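Chemist: A predicted structure for the sequence below; I have some questions about it.
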Amino acid sequence: MYVDDIVKDNKLIHVTDTLVLHIDTISSFEKLIPFICGPFTRLTIHGGDIKLDQLKRLMRDTVRKVEITAQIELKRDEYDDAVRLITQHVRGVGYVFNLESTPQLITKVKPAVESDFHAQDPRPDNCNKKQKRSQSTMTNFAPINNHRTCPEAEKEVRDQLYITDNKMVYEWASKKTFIFRIFKLFYWLYRWACDGFSLAPTSHSLLSVDEVIKMGRPIYVTETLVLHCRSIASFRRLIPHIWGPYTRIVIHGDNISRIQATPHH
């Protein structure tokens, strides 16, 4: 949804699971935030700049996992407050705060939690806080989303799935899908006989990125996931909707960021 459309409709947007924002300006955040409500548990913020006060208003008590690539605009006297916001957020098992922007803040967060947190992957450009045990607060400077549990309500289950944002690829794959289904029996026999051999996976279901977003339900993939996306932005839109214990993943296209390509354990 566009920010202007939300403001024009003048209705509250009730989010129950995942909220992903890609907004370029502080003024747009200010226009949008009053319309956001609901017990969402995942918050991802991309785009330009966001104020600390705006971030606080978005980080409801129900939010457990946060990822921020937008720049947090901070005044000199706000750094300590921002550090407290991050460290206090990680208050139990499953709470994650992944900060991939605002390097000045990262340098202040790391020393502040050094005595209680454990650094697993000390990269200078990434700060990921993750509660590990109740006795002492710990941290990992590692990719976000260590464990994903798919909501059972209204999930779409697919064994083998091909997803693309490219219209030409979609049309090509639509023609091929029928052929893929013909060979489904042989695919099952292959899986039973020689699972693990380096053979190209076969996709039996086809969706476009826009179709996935429009469905508004988790896509639960059990075996093979094939993605063909042209941009990092498409991957950002798609990834929050992908779930399941799939064992094969094939990624085609142009660009994907490191954090997007990192396995979620």
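Modeler: Sure thing, it's come through. Numbering: from 1, shown residues only.
Chemist: packing partners of the longest strand seen in the chain?
Modeler: Counting by DSSP state E, the longest strand found in the chain is strand 219-229. Judged by 3 or more CB pairs under 8 Å, 6 or more residues apart in numbering; DSSP states H and E, strand 219-229 is in contact with strand 156-164, helix 232-238, strand 242-243, strand 248-253. Placement of C-beta: from N, CA and C, glycine included.
Chemist: how does it look with 6 Å?
Modeler: With contacts defined as 3 or more CB pairs under 6 Å, 6 or more residues apart in numbering; DSSP states H and E, the packing partners of strand 219-229 are strand 156-164, strand 248-253.
Chemist: just those strands: most buried one?
Modeler: strand 156-164 (a mean of 21; mean count of other CB atoms under 10 Å).
Chemist: what does it contact?
Modeler: For strand 156-164, contacts defined as CB atoms under 6 Å, 6 or more residues apart in numbering pick out 170, 173, 203-207, 217, 219-228.
Chemist: tell me the contacts of Tyr79?
Modeler: Taking CB under 6 Å, 6+ apart, we find Tyr79 in contact with Lys108.
Chemist: try 8 Å
Modeler: 104-105, 108 (CB atoms under 8 Å, 6 or more residues apart in numbering).
Chemist: find the helix or strand that it is a member of.
Modeler: helix 79-89 (DSSP states H and E).
Chemist: tell me where the chain has helices.
Modeler: 3-9, 26-32, 52-58, 79-89, 103-113, 167-182, 184-194, 209-215, 232-238, 258-261 (DSSP state H).
Chemist: for the third one, packing partners?
Modeler: Using 3+ CB pairs under 8 Å, 6+ apart as the contact criterion, the elements in contact with helix 52-58 are helix 26-32, strand 42-47, strand 71-73, helix 79-89.
Chemist: buried stuff in that helix?
Modeler: The neighbour-count check on helix 52-58 (16 or more other CB atoms under 10 Å) flags 52, 54-55, 58 as buried.
Chemist: same check on the second one?
Modeler: Buried positions in helix 26-32, judged by neighbour count with 16+ other CB under 10 Å: 26, 28-29, 32.
Chemist: who touches that helix?
Modeler: Contacts for helix 26-32 (CB under 8 Å, 6+ apart): 3, 6-7, 21, 23, 48-51, 54, 73.
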